[in-house]
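Visitor: 3D, please:
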Amino acid sequence: MTGLEHAEGFISFYWDYKKGRLLLEISELDQEFLYLRALATGVGSVDVRTLDRGTIAESALVTFRKTGPKVLLVHKNLAFRSTADNPALAQSVQESFAESVLVAFTVEAENEGRLLVDATNFFLRDTTEVASSIKDAELGDFKLDEERSVFYLPHTKAFPRNTEIEVLLTLSGENVSDKLRPLLPDGRTLSVRQHHSFVALPEDGFRPRKLDPRVGFGRLSFKDYGANFNETTETQWIRRWRLEKKNPNEPVSEPVQPIVYYLDRGIPEPIRSAMREGALWWNVAFEKAGFKNAFQVRDLPENADPMDVRYSVIQWVHRVERGWSIGSHYDDPRTGEIICGKARMDSHRVRTMHNYWAAMVQPVEDDNCELGLDPLAELAFTLGTIEDEESLMLRRQALLTAHEVGHTLGFPHNFSASLYDRGSVMEYVTPRIKIETDGTIDFTDAYQYGLGSWDILAVRFAYSPSPLGKEKEHLEAIAKEGLEKGILFLPESDPRWNTYDDGTDPVSWLRETLATRGALMKRYGPHLLREGQPVSDLDHYFSVIYYFHRFAIEAAAKYIGGMEHTNALFGDGQIPTSIIDSSRQREALNLLLDCLEPENLDISEEVLVHLPPPPFGRSKNFDASTTRAGYAFDQLSAARSLAFLVLDNGLEREKLARVVAFAVRQSEEILVDLPPPVAKIQSEPLTLGEVLDTMISRTWKQPLESQPRHAALRRVVQRAFLDRLLNLATDSQVTPEVKSWLHYELQNLQRILDQSQGANAEEQVHRAKARHDITHFLERPRDWTLQTTSGIIPPPGAPV
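Guide: Now for the predicted structure:
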């Protein structure tokens, strides 16, 4: 082709440099291959996770199909299929569900069975849905500008088993949000690079492995119409890499092909070494599964394209503020075989840790200190010495890397692993902070080092070779071993499935966390700042301490109306469901209400004096508080936000429906005839009336506080509780049984208010408004407007 540059490879192409066109040379029709999409560069926003550098989309199985002058690129529908050895049945399923034609190319030229098509418009489109992602996040209205969208040739190449195409897309925006505008040089134009990959299918020989819900795993789901009539069509296979032993007869063998990951060249030391170490933790598990050196980590070759599907990459991703690290992968949608891993590691994690630890430990004075330290050195001022900080920070970074790499290996979150002492790196971990008797803080065991027991069990389940013809028995033995050892993978709805917890039960964890928070609140103050540091920094450190127990509150609240349940299979000996003992539910309820006591909401005057707005030249920090009091920190709004956190979790509508239902089931008359272990007689089940009466007693029936600041905090809690009751009473999704109790308790609260007008002006206006609102609702419930009074909007708790 005269005037065109040719690239020979899996799907060869021609580059028309005069017209800016890219033409594909199609030599294989009706042959399946993979089509992959990704963002090579990002937007830097924390509000849209799908627009990071390195974000990938799901794999698509596609084929070229010629019809007259057109060549169709068809996305095949694998959500419905037949695995039976019956081609006619497979065809009937295929013809029963729709395919998707991604594009219809017009044939430009044809020679010896090779077709030339102009694919320019196909590649220069917003296939990663940048515009819709921004719109969904309410950040603006963007549309593709075709005139300013071009091919990015340095990363447009063809190789024997993959063809990589990269383009620069430009989108122009209107109504651009204040959150997004500062991230764009001109405030309204967004240019990012989008990556396309055409990839040959993996070689035959990979054997899918069925999911066992008791172990848990990332899954490939589809309906199998080849299943027997007495079997479900719902089919789930686990997603995993292909690992085969070089020496199948050896208990532990090198793999035929190891899993190799590459570190982004932009990751700085010593973080780089810590991330390498954390990723390599997985070799401990692979060795238990029978493989030596199965997982390897190398440096990304210079000038290599991190989006090239030949490289599984641990990328260093930057955003304007702290955000998530994310592990993802490409896989073969036919089988679940993972072919490429991509882990996006948030570079802000070190700075996040700085705020976390700076809220707890006084800095060490250093006469040689200079401003402008790198994040690692800056953190050292918080903890004492560079050596202390390096050990702590690097262990956390290794743990984070192991977690995200775990996702790329096929493993899901396991938020029940805290039940068996750091059972998995796939938890969202919280640091172990020990307050010594002398008031000092011990961080020596802050983070785990190495994999947990579930990680090793899951790797064995996914990757250990099974004896010929004995895979079902082999996998069942591993799953039962986990049950016998208490290595649990629970449903996400189980009340023991919690993030950022550390203990065997949420109630004890809240009690411990509340005590630690109390000690940290007493220690908090301006002495935590370095000489010359803006005093306003205390504000964005403060949220770490004030909301220190936020995750423990959420976890303990699940025990009220809670029911433990497992991923039980019939015959495995597990108890499918077990209502949490009413005594433990009461304990959780009273601990939650302890969080609302004025002394647990109060902020000392010494701290409040040192929470000014940011100084000249600095904007408000991402983790600083946002109030309705403008530039001033409002302690009442802060308390209100905590009150809503407790009450929204403690009085969630489905929870209240369960309390009513479980109270009936826990009565002696019903349970007495059931066999053990189902029969668990509780003479005093927790009723919804008791829950609401307890809350009223702990809020509205308390004597007037002697300290005005505590009295004000009590009123904050009382109003928050009333608003929650009124909102629930008007909620159409609340069950009739719950609504009956809500109306009864509102009338009860109205009587309480009628009996006491208040001892001072503040109490009088507070009670008068409450009385008015209850009367208005009871008389005209349909006219009631949802109460949206809010306090401080807490900074995002996760990730920490």
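Visitor: which element is residue 214 on?
Guide: Per DSSP states H and E: residue 214 is located in neither a helix nor a strand.
Visitor: Residue 198 too?
Guide: strand 189-199.
Visitor: That strand: which residues count as buried?
Guide: Neighbour-count burial for strand 189-199 flags 190-199 (criterion: 16 or more other C-beta atoms under 10 Å). All C-beta spots, glycine's among them, are computed from the backbone N, C-alpha and C.
Visitor: from those, which two are the most distant?
Guide: The largest separation in those, counting by C-beta to C-beta, is between 190 and 199 at 28.0 Å.
Visitor: so for the helix or strand hosting residue 166, what's the average pLDDT?
Guide: Assessed by DSSP H and E, residue 166 sits inside strand 162-174. Taken as a whole, strand 162-174 has an average pLDDT of 98.
Visitor: Name the helix or strand for the closest residue to residue 294 other than its chain neighbours, please.
Guide: Take residue 294 and drop its neighbours on the chain: the residue closest to it by C-beta to C-beta, 6 or more residues apart in numbering is residue 286, 3.9 Å away. Using DSSP H and E, residue 286 sits within helix 282-288.
Visitor: Might you quantify the distance of that helix from its chain's geometric centre?
Guide: 25 Å (C-alpha atoms, centre = their mean, to the nearest Å).
Visitor: Show me which residues of that helix are buried.
Guide: Residues 282-283, 285-288 are the ones in helix 282-288 that count as buried (16+ other C-beta under 10 Å).
Visitor: pLDDT weak spots in the protein?
Guide: The model of the chain has pLDDT under 70 over residues 1, 354-355, 357-358, 361-389, 621-623, 668-683, 787-793, 795-800.
Visitor: Show me it divided up by domain.
Guide: With domains defined by automatic domain parsing, the chain comprises 5-199, 490-800.
Visitor: Any idea how far the last one is from the middle of the chain?
Guide: Once both centres are worked out by C-alpha atoms, centre = their mean, domain 490-800 turns out to sit 23 Å from its chain's centre.
Visitor: All the strands of the stretch 451-600 of the chain, in order from the start?
Guide: 563-565, 577-579 (DSSP state E, counting those that start in this stretch).
Visitor: looking at the ones you listed, which is buried most?
Guide: Ranked by mean neighbour count under mean count of other C-beta atoms under 10 Å, those are led by strand 563-565, which reaches a mean of 17.
Visitor: hey, where'd the strands end up in the stretch 51-200 of the chain?
Guide: Counting by DSSP E, counting those that start in this stretch, the strands of the stretch 51-200 of the chain are 60-67, 70-75, 80-81, 100-111, 114-118, 141-144, 150-151, 157-158, 162-174, 189-199.
Visitor: Surely residue 215 is in contact with residue 490?
Guide: No. If you go by C-beta atoms under 8 Å, residue 215 and residue 490 don't touch, sitting 11.5 Å apart.
Visitor: which residue packs closest to residue 564, ignoring adjacent ones?
Guide: That would be residue 578: by C-beta to C-beta, 6+ apart, it lies 4.7 Å from residue 564.
Visitor: And for residue 746?
Guide: Take residue 746 and drop its neighbours on the chain: the residue closest to it by C-beta to C-beta, 6+ apart is residue 774, 5.4 Å away.
Visitor: How about the host helix or strand of that neighbour, which residues are buried there?
Guide: Element membership of residue 774, judged by DSSP H and E, is helix 761-779. Neighbour-count burial for helix 761-779 flags 763, 766-767, 770-771, 773-774, 777 (criterion: 16+ other C-beta under 10 Å).
Visitor: so what's residue 689 up against?
Guide: For residue 689, the contact set (C-beta atoms under 8 Å, 6 or more residues apart in numbering) comprises 741, 744-745.
Visitor: Recalculate using a threshold of 6 Å.
Guide: Counting by C-beta atoms under 6 Å, 6 or more residues apart in numbering, residue 689 makes contact with residue 741.
Visitor: Can you classify the residue nearest to the spatial centre of the chain by secondary structure?
Guide: Against the mean C-alpha coordinate of the chain, by C-alpha atoms, centre = their mean, the closest residue is residue 324 at 7.5 Å. Following DSSP: H, G, I helix; E, B strand; the rest coil, residue 324 is assigned to coil.
Visitor: quick revisit: give the partner strands of the strand holding residue 198 in its sheet and their orientations.
Guide: strand 33-39 (antiparallel), strand 162-174 (antiparallel) (DSSP bridges).
Visitor: Tell me which residues are up against it.
Guide: By C-beta under 6 Å, 6+ apart, the residues outside strand 189-199 that reach it are 11, 34, 36-38, 40-41, 123, 128, 152, 162-172, 184, 307, 309.
Visitor: same thing but 7 Å
Guide: 10-11, 33-43, 123, 127-128, 130, 142, 152, 161-173, 184, 307, 309 (C-beta atoms under 7 Å, 6 or more residues apart in numbering).
Visitor: Pull out the buried residues from these.
Guide: Buried residues within the contacts of strand 189-199, counting neighbours by 16+ other C-beta under 10 Å: 10-11, 33-43, 123, 127-128, 130, 142, 152, 162-173, 184, 307, 309.
Visitor: quick revisit: give me the contacts around the helix holding residue 286.
Guide: 252, 293-295, 402, 405, 409, 450-451, 455-456, 459-460, 463.
Visitor: Buried by neighbour count, from those residues: which ones?
Guide: Buried by 16+ other C-beta under 10 Å: 294-295, 402, 405, 409, 451, 455-456, 459-460, 463, out of those.
Visitor: Would you format those as CSV with distance to residue 234 included?
Guide: Output for these, formatted as CSV (distance: C-beta to C-beta, whole Å):
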residue, distance to residue 234
294, 31
295, 32
402, 32
405, 30
409, 24
451, 31
455, 27
456, 29
459, 26
460, 25
463, 24
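Visitor: related to what we said a few turns ago, would you tell me which one of the contacts of helix 282-288 comes nearest to residue 438?
Guide: Using C-beta to C-beta, residue 450 comes nearest to residue 438 of those, at 30.8 Å.
Visitor: Which parts of the stretch 701-800 of the chain are helices?
Guide: 708-729, 736-755, 761-779 (DSSP state H, counting those that start in this stretch).
Visitor: how about those in a markdown table, adding distance to residue 667?
Guide: Below are the helices of the stretch 701-800 of the chain laid out as a markdown table (distance: least, C-beta to C-beta, whole Å):
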| stretch | distance to residue 667 |
| --- | --- |
| helix 708-729 | 25 |
| helix 736-755 | 15 |
| helix 761-779 | 31 |
